[in-house]
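[1] Sharing a sequence plus its predicted fold:
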Amino acid sequence: MLVRTRTIGVCGTDIEIIDGRYGWPPPGRDRLVLGHESLGEVIDAPADSGLRAGDLVAAIVRRPDPVPCRFCAAGEWDMCANGRYTERGIKERDGYASDRFRIEPGFAVKVDAALGDLGVLLEPASVVAKAWDHTEKIGRRSRSWAPKRALITGAGPIGLLAALIGAQQGLDVHVYDHATSGAKPRLVRDLGATYHNGDVTVLDTLAPDVIVECTGAPQVIARVLTRSAASGITCLAGVSSGGYKIDIDLGSLNRELVLENDAIFGSVNANRAHYELGARALARADQDWLSRLISRRVPIDRWQDALHREPDDVKVVITF
C-alpha cells in the first residue's frame with residue numbers, strides 16, 4: 001500500500017545512527033533512510049487490506065527474518081532468535097522519513113482518527129505495551145499475583161508512556177528522573193502519579209511490585225535490581241552503553257532474588273499485537289496530556305533542528 005508521511009518521531013536511536021554508532025544500510029548501499037517512528041495517511045491500499053484512502057496508520061518497524069526462526073514464524077519477530085530480522089530505518093531497510101512510502105498492509109496499524117498526529121507516539125507506546133504484557137505473563141506464575149505499586153525509572157517518552165499504562169491499570173505509579181522542574185514532573189503529576197528526583201537512594205523504601213527501568217543508566221539499574229517487593233518483577237527496557245563498570249555483590253544479589261522469588265527480564269521492540277495494545281492505550285488516554293508529550297514539532301525543511309536536544313524536550317517530531 002502507498003502512504004503519505006505526516007509525522008516522524010525522533011529518538012536516541014536516530015542520533016546514534018547519524019553519529020555512526022549504530023544502524024546498517026540496505027545491502028549493497030551506503031545510505032539509509034531514517035525514520036522508524038511514523039504516522040502516515042493511506043493514499044492507496046488493496047481492497048482486502050481492511051484499510052482505505054484517508055486512514056491514519058503507524059508503520060511497524062521490524063520484519064521477520066527470511067529463514068524464519070521459530071519466533072518469527074509465529075509472528076513474534078520481536079523475539080527473533082537468530083538476529084536475521086530487519087528493521088525499517090534502522091537495520092538493512094529504509095525507514096519512513098520520506099514524503100511517501102510503501103508498506104505491506106500487515107505491517108500497518110490503523111490509528112484512531114481522533115488521535116490525529118499524536119498517533120506518531122504509537123511506536124514507543126508499543127514498546128512499553130510489550131513490557132507490561134510480558135510483566136503480566138510472568139506475574140501469572142502466581143494465581144494470587146495482584147500488583148498495587150509500580151516504579152518507572154526515566155521520564156522520557158518511553159518512561160512516561162509506561163507510567164500512562166500503569167496508571168490506566170489502576171496502579172500507584174511512581175516515576176524517578178533527574179529533572180527537577182519543567183514538563184516531566186508536571187506530566188507525571190497530571191497522571192496522578194508521584195514524581196521523584198535527586199539521589200537514587202530515594203527509591204529504597206518504595207518496594208514496588210513492578211519496576212520498569214527505562215533509563216539504561218547503569219547506576220540506576222544497579223539500584224533497582226533489589227528494590228522490588230517480594231515476588232516483584234523488574235523489566236529492563238532501557239539500553240545501556242558499554243564501558244561502565246559498577247561493583248556488585250553478586251552473592252547478595254543472588255540471595256535476595258532467589259529467596260524473594262523476584263524476576264528480572266529484558267524487553268525490546270514489539271510485534272503487531274503490542275502495537276494494537278499500544279493503540280488502545282493511546283485511544284483511552286487524555287488527549288491534552290498526550291499532546292504535551294510532543295514538546296517540539298520541526299518542519300522537514302529544518303530537520304537538523306530536531307536532532308539537537310533542548311532542556312525541556314520530551315518528544316521531538318518532524319512534520320511533513
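    Perfect, thanks for sending it.
[2] For this structure, just list every one of the helices.
    Using DSSP state H, the helices of the chain run over 12-18, 70-73, 122-139, 157-168, 183-190, 218-224, 250-259, 272-284, 287-293.
[3] Tell me which of the ones you listed is the most buried.
    Stretch with highest mean neighbour count among those: helix 157-168 (a mean of 25; mean count of other CB atoms under 10 Å). Glycine gets a C-beta too; all of them are placed from N, C-alpha and C.
[4] Mind giving me the packing neighbours of that helix?
    Where contact means 3 or more CB pairs under 8 Å, 6 or more residues apart in numbering; DSSP states H and E, helix 157-168 is packed against helix 122-139, strand 149-153, strand 172-176, helix 183-190, strand 210-213, helix 272-284, helix 287-293.
[5] can you redo the ones you listed as TSV with distance to G50 and mean pLDDT?
    Output for the helices and strands packed on helix 157-168, formatted as TSV (distance: least, CB to CB, whole Å; pLDDT from 0 to 100):
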stretch	distance to G50	mean pLDDT
helix 122-139	17	98
strand 149-153	34	98
strand 172-176	35	97
helix 183-190	34	96
strand 210-213	32	98
helix 272-284	13	97
helix 287-293	25	97
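[6] Among those, which comes closest to R255?
    Closest approach to R255 among these (CB to CB): strand 210-213, 18.8 Å.
[7] how far is that closest one from where the chain is centred?
    Computed by CA atoms, centre = their mean, to the nearest Å, the chain-centroid distance of strand 210-213 equals 13 Å.
[8] thinking again about what came up before, can you tell which of the helices and strands packed on helix 157-168 is closest to T234?
    Across these, T234 has its closest neighbour in strand 210-213 (4.3 Å, CB to CB).
[9] From one end of stretch 302-312 to the other, what's the distance?
    19 Å (CA to CA, to the nearest Å).
[10] Which residues does it contact?
    Residues from elsewhere that reach stretch 302-312 (CB atoms under 8 Å, 6 or more residues apart in numbering): 10, 14-15, 18, 182-183, 295-296, 298, 316-318.
[11] Number of residues surrounding the closest residue to S240 other than its chain neighbours?
    Excluding the flanking residues, the one nearest S240 by CB to CB, 6 or more residues apart in numbering is G216, at 4.4 Å. Neighbours of G216 under the rule other CB atoms under 10 Å: 17.
[12] My guess is G216 contacts G266. True?
    No. The criterion here is CB atoms under 8 Å, and G216 misses it with G266 at 11.0 Å.
[13] elements contacting the helix or strand of the chain with the lowest mean pLDDT?
    Evaluated with mean pLDDT, DSSP states H and E, the helix-and-strand set of the chain has its lowest mean pLDDT in helix 218-224, which scores a mean of 89. Where contact means 3+ CB pairs under 8 Å, 6+ apart, helix 218-224 is packed against strand 149-153, strand 210-213.
[14] can you give me how far that helix is from the chain middle?
    19 Å.
[15] same thing with stretch 192-210?
    Centroid separation for stretch 192-210 versus its chain: 21 Å, with CA atoms, centre = their mean.
[16] Let's see the distance spanning it from one end to the other.
    The straight-line separation of the ends of stretch 192-210 (CA to CA) is 17 Å.
[17] which other residues reach it?
    By CB under 8 Å, 6+ apart, stretch 192-210 touches 135, 147-151, 153, 155, 163, 166-167, 171-180, 184-185, 188-189, 219-220, 223-224, 227-229, 231-235.
[18] run the last query once more with 6 Å
    135, 147-151, 163, 173-177, 180, 185, 188-189, 220, 223, 227-229, 232-233 (CB atoms under 6 Å, 6 or more residues apart in numbering).
[19] what bits of the protein have low per-residue confidence?
    When residues are selected by pLDDT under 70, none of them lie in the chain.
[20] Got the domain ranges for this structure?
    Domain ranges of the chain: 2-123+269-319, 126-266, per automatic domain parsing.
[21] list the contacts for K110?
    Neighbouring residues of K110 by CB under 6 Å, 6+ apart: 55, 57.
[22] The same query, at a cut-off of 8 Å, please.
    50-51, 55-57, 279.
[23] Just grab the bridge partners of it for me.
    V57 (DSSP bridges).
[24] what's the neighbour count on G50?
    G50 has 12 nearby residues by other CB under 10 Å.
[25] Quick check: it touching P105?
    Yes. Between G50 and P105 there is a contact under CB under 8 Å: 7.3 Å.
[26] Now I15. Nearest residue, chain neighbours left out?
    Take I15 and drop its neighbours on the chain: the residue closest to it by CB to CB, 6+ apart is L307, 6.3 Å away.
[27] about what we covered before: of the helices and strands packed on helix 218-224, which is nearest W289?
    So among those, strand 149-153 is nearest, using CB to CB, at 15.4 Å.
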